[in-house]
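Peer 1: sequence first, predicted model second:
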Amino acid sequence: MEGDKHVVQGTVRPRLLPKRPGLFVNRTGPLAEIQGWAQDAITGQGASLIAVTGQEGLGKTALSVLVGHRLAAHFPDAHLYYDLNGSDPQAKVTAAQVARYFLTQLGFSPHRVPDRAEECLSMLRSSLADRRVILVLDDVETVEQVRPLLFESAHALVMVTSRNPLAYLRVDGFRPPIELGRFTGDDAAELISAIAGRGIIERAAAARLGELCEGLPLAIGILAVQLPGLGNVELDELLSGSILKILNVEGRRPVEDIFDFTYQRLDELGAKAYTTFSLLPGMDFSAGLASHVLGEDATVTDRVLRELTAGYILHRNGSRYRFHNLVREHALGCAAATLSEVDRANLLGTAGEWYWRFAVSHDKAISRRPFPIPARSEYKAIPAAFTAADKVENGYAGFAVEWPNLIAAARSAQATGSIDLSVLFPMALWTYGYQTRRIVELIDLYEAALERATDNRQLWQLYRDLAGLHEGNRDWQSADVCIARAFAQNYPAGEASLWEWRGLTAEGRGDLPLALWCFGKARETVSLMCDTDQEQRAYALLDLHCGRVAAALGRRDDDAAAYAENARRYFAAEDEGAVNYALSSEVLGRILARQGQGAAMLHDAFEQLSELGINARAARIAAELAQLCDAAGRLADAAEYRRREQELND
C-alpha cells in the first residue's frame, strides 16, 4: 500500500447497503458458504474476498445485500455499496468514480477529493485500511473495476457480483466464485406462493410456470405478482404460451431490459448467432449445426458458442447447446425485427438440409434396407455417418440424441412448403422410429407427406412405410389399407416387401397360418427385386419371421429353430445386422428355452436391444428371463430382470 498517505480523521460511519431483501428463497447453500468464508474477516484472520456470479435476475444482489445485513454488526466502521451498472453498456462506471462516491460518503468534502483518478483511489484505500468494513460492488463488468478499490485490512468483507466469471480475481486473493443456479420447480412454487398467496395456483402449475421462466427468480417474482388478477383462461394460456410478454412492472420491462442489454453487448457475429440459433428447429443443437448455419469454420463457431455460454445466453450440456427459455423468446423477437421473412425461410431451409443429411447418414449406418425409392440418388450421394464395427450402436446413439430435433426439422420442412424434404424427410427416420417404437409422431409426418406426394414411386414408399408404422402401432386395419394402396402403385420390385408386411400384420392380428402363407408369397416374389444383396437379406428376414411364427404355431422345434438359425447366421455375418441378429437370437433362444436351454441367448438379445434403445422388445425379453429364473430357483436374478423390465418400460 505504499503511496497511500491519506489518513481518515473524524469520518462518519456510512450505512449504504440497500434495504434488506424482503423475500429470499432457497439460497441457503450459497448463503451459508459466504457466511462461512466471512469468518476470516470477522475474526481478523484476513480479508474475505468473495465473488458471486450468474445470469441477471438470479438474485446475486439480493444474496450479497442479505449477507451484508446479517453480518453488519461484525463490521461497524462502514457498510459501502455501489451499483456499477455492468449490464448496461451505456453506463459503464470506472473504479475512480466509485472511489470518489465512497469518499464523499465517508465524510470528505468534494473539494478535498482529488481530481486525478489514481490519487482518488489511493485516498480511498488509505481511508479504509485496517477498518472493519463491508464493501459490496454490485453488477461489475471487468476485473479492472474492482482491483484498484481493494485495500489492506484483515477485517474487511468484500463482495463482488457480476454476470461475468471474473476468473482473474483469483489473482487478487478472491475465493472461487459462487455461481448462482436457477430455481427448481419446487423453489419456484414456494416463491410464487410466498408472493401471490397460498391457494392462488396449484403447486404443479406453479412449478410449470417456474420452468417456463427458466427458474429465473426475477421473472418468477414479477409473474407471481400478476397471478391473483388472472382468470383460469388466462392462466391456461400462460401455461401453454409465451411468458416474456407479460413480465411488465408498471410499464417497465425489467426482464426484457436485461436481455436487451445482453444483445446490445454482442459483436456482429455474436448478434448473428443470437438470432440465427433461436430459429433452429428443436430445443437444442450441436456445434456442427451451429457452424453450418453460421457459415463459419469450427474454430470460429466454438469461440462464439463459448462466449454465448459464458454470457448465460446458451446452456451447454456436454456437446449440446440450448437457449434458456426466456432468452429464446427474446432472441426470436430480435430475429423477427432484424431478418426478413425470406432470410428466416432460407435459414430454416439450411438447417433442414443439415438435419436431412444427418438422418440419411445415420440411417445408412444402422440399416442395409433398400434405399427409399424417391430418395435413392440422395442416399447414394450421402456417405454413412459411421463405418467401423460399432457403426450400428453409434448410429442409434446419434438418432437418440437428435430425434426431437429431427422431428421438428421435418415438421418445419412441411410447414414451410419445402416439397422435396416434406416428402423425403420421414423416409430417413423410418428405420430408427419403427425399431424404437417412436411411431405416432412419424405417422403424422407420413400423413402430411402423402398430401404432397407427386408420383407413384413416392406414394408406394410412403404407403409401404406407413403400413409398417401402423403394424408397429397394432392398428391392423390401417396397415391393411396402406398395403392395398401400395400394391395399387404397381411397383413389382416392392411386392416381396408388401407381402412381408401383410404377413406381419396377420401375425399381429393372431392369424398365424395366414402369416406363414403371406411369407411364402413374399419368397416367391423376392427375385423381382433384381438385387442379389437385397434378395439375400430379404430371405434372411423371412426366415426370421417364419421361425417365430412356426414356433408360435407349435410346429416342430427343429424346423422353427432351423429358420431362426439361418437368419441368425446371415445377420451375424452382415455389418448392419445388430438388430436383426438380436431378434434372431431372441427367437432361437425362446425355442431352445422350451428344451431347458437358450437362456444365455435370450440374455444376449436382451442386452443388445437394451443398448440400442429398443426398449419395448428388451422389456418383453426381460419378463421372459425373469420367469425362467423363477423356474430355476434363481430368485435374485429374477428380481433383477424385473427391475430392468420396469426401468425399460418407464
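Peer 2: Okay, I see it. These figures come from a predicted structure and were not determined experimentally.
Peer 1: need phi/psi at the residue nearest the centre of the chain.
Peer 2: Closest to where the C-alpha atoms of the chain average out (C-alpha atoms, centre = their mean) is D284, at 5.0 Å. Per-residue torsions, D284: phi -140, psi 180 (degrees, to the nearest 10).
Peer 1: my guess is it meets R320, correct?
Peer 2: Yes. Counting by C-beta atoms under 8 Å, D284 does reach R320; the two are 4.6 Å apart. From N, CA and C alone the C-beta is placed, and that goes for glycine too.
Peer 1: buried ones in whichever strand in the chain runs longest?
Peer 2: Counting residues, the longest strand found in the chain (DSSP state E) is strand 133-140. For strand 133-140, burial by neighbour count (16 or more other C-beta atoms under 10 Å) applies to V133, I134, L135, V136, L137, D138, D139, V140.
Peer 1: so which elements touch the strand or helix carrying L498?
Peer 2: Using DSSP states H and E, the element containing L498 is helix 495-509. In this structure, helix 495-509 makes packing contacts with helix 456-472, helix 476-487, helix 512-525, helix 532-553, judged by 3 or more C-beta pairs under 8 Å, 6 or more residues apart in numbering; DSSP states H and E.
Peer 1: what is the rounded mean pLDDT of it?
Peer 2: What helix 495-509 shows for mean pLDDT is 97.
Peer 1: got it, and stretch 608-618?
Peer 2: Rounded mean pLDDT across stretch 608-618 is 90.
Peer 1: how far is it from where the chain is centred?
Peer 2: Relative to its chain's centre, stretch 608-618 lies at 22 Å (C-alpha atoms, centre = their mean, to the nearest Å).
Peer 1: repeat that for stretch 377-393.
Peer 2: 25 Å.
Peer 1: and that stretch, what's buried?
Peer 2: Buried residues in stretch 377-393 (16+ other C-beta under 10 Å): E378, Y379, I382, A384, A385, F386, K391, V392, E393.
Peer 1: same check on stretch 135-155?
Peer 2: 135-141, 143, 145-146, 148-151, 153, 155.
Peer 1: taking those together, which two end up most distant?
Peer 2: Farthest apart among these by C-beta to C-beta are E141 and H155. That separation is 27.9 Å.
Peer 1: just the CA coordinates for the helix holding L498, please, in PDB.
Peer 2: Presented in PDB, the C-alpha positions along helix 495-509 are these (Å, rounded to 0.1, in the frame of the first residue of the first chain):
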ATOM      1  CA  GLU A 495     -44.000 -56.800 -53.900                       C
ATOM      2  CA  ALA A 496     -42.000 -59.000 -51.600                       C
ATOM      3  CA  SER A 497     -41.800 -56.200 -49.100                       C
ATOM      4  CA  LEU A 498     -45.600 -55.700 -49.200                       C
ATOM      5  CA  TRP A 499     -46.300 -59.500 -48.800                       C
ATOM      6  CA  GLU A 500     -43.900 -59.400 -45.800                       C
ATOM      7  CA  TRP A 501     -45.900 -56.600 -44.200                       C
ATOM      8  CA  ARG A 502     -49.200 -58.300 -44.900                       C
ATOM      9  CA  GLY A 503     -47.700 -61.400 -43.100                       C
ATOM     10  CA  LEU A 504     -46.600 -59.300 -40.200                       C
ATOM     11  CA  THR A 505     -50.000 -57.700 -39.900                       C
ATOM     12  CA  ALA A 506     -51.700 -61.100 -40.000                       C
ATOM     13  CA  GLU A 507     -49.300 -62.400 -37.300                       C
ATOM     14  CA  GLY A 508     -50.100 -59.300 -35.100                       C
ATOM     15  CA  ARG A 509     -53.800 -60.000 -35.600                       C
END
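Peer 1: isn't F151 right next to S122, touching?
Peer 2: No. The criterion here is C-beta under 8 Å, and F151 misses it with S122 at 10.0 Å.
Peer 1: tell me the angle the helix holding L498 makes with helix 456-472.
Peer 2: The directions of helix 495-509 and helix 456-472 differ by 20 degrees, with axes from the mean of the first three to the mean of the last three C-alpha atoms, to 10 degrees as the criterion.
Peer 1: and the strands in the stretch 151-300 of the chain?
Peer 2: Assigned by DSSP state E, counting those that start in this stretch, the stretch 151-300 of the chain shows strands spanning 157-162, 178-179, 285-286.
Peer 1: can you put those strands in CSV and add mean neighbour count, mean pLDDT and distance to G44?
Peer 2: What follows is the strands of the stretch 151-300 of the chain, written out as CSV (neighbours: other C-beta atoms under 10 Å; pLDDT from 0 to 100; distance: least, C-beta to C-beta, whole Å):
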stretch, mean neighbour count, mean pLDDT, distance to G44
strand 157-162, 27, 96, 12
strand 178-179, 18, 91, 23
strand 285-286, 21, 97, 52
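Peer 1: domain map for the protein?
Peer 2: 28-179, 185-252, 257-339, 564-650 (automatic domain parsing).
Peer 1: I'd like the distance from the last one to the chain centre, please.
Peer 2: Chain-centre distance of domain 564-650: 32 Å, with C-alpha atoms, centre = their mean.
Peer 1: do me a favour and get the end-to-end distance for that domain?
Peer 2: 30 Å (C-alpha to C-alpha, to the nearest Å).
Peer 1: state the distance from P372 to I439.
Peer 2: Plainly put, P372 is 18 Å away from I439 if you go by C-beta to C-beta, to the nearest Å.
Peer 1: which of those two has more residues huddled nearby?
Peer 2: When neighbours are counted by other C-beta atoms under 10 Å, P372 and I439 differ, and P372 comes out ahead with 24 against 18.
Peer 1: residues contacting that one?
Peer 2: Taking C-beta atoms under 8 Å, 6 or more residues apart in numbering, we find P372 in contact with Y379, L424, M427, A428, W430, Q461, D465.
Peer 1: Serialize those residues to TSV and add fields for distance to F174, secondary structure and pLDDT.
Peer 2: Formatted as TSV, the contacts of P372 follow (distance: C-beta to C-beta, whole Å; DSSP: H, G, I helix; E, B strand; the rest coil; pLDDT from 0 to 100):
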residue	distance to F174	secondary structure	pLDDT
Y379	57	helix	96
L424	56	helix	95
M427	57	helix	97
A428	52	helix	97
W430	56	helix	97
Q461	63	helix	97
D465	60	helix	97
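Peer 1: of the residues you listed, which is the most crowded?
Peer 2: Q461 (29 neighbours).
Peer 1: give me the low-pLDDT residue ranges for the protein?
Peer 2: 1-12, 22-26, 89, 241, 418-419, 575-577 (pLDDT under 70).
Peer 1: that'll do, ta.
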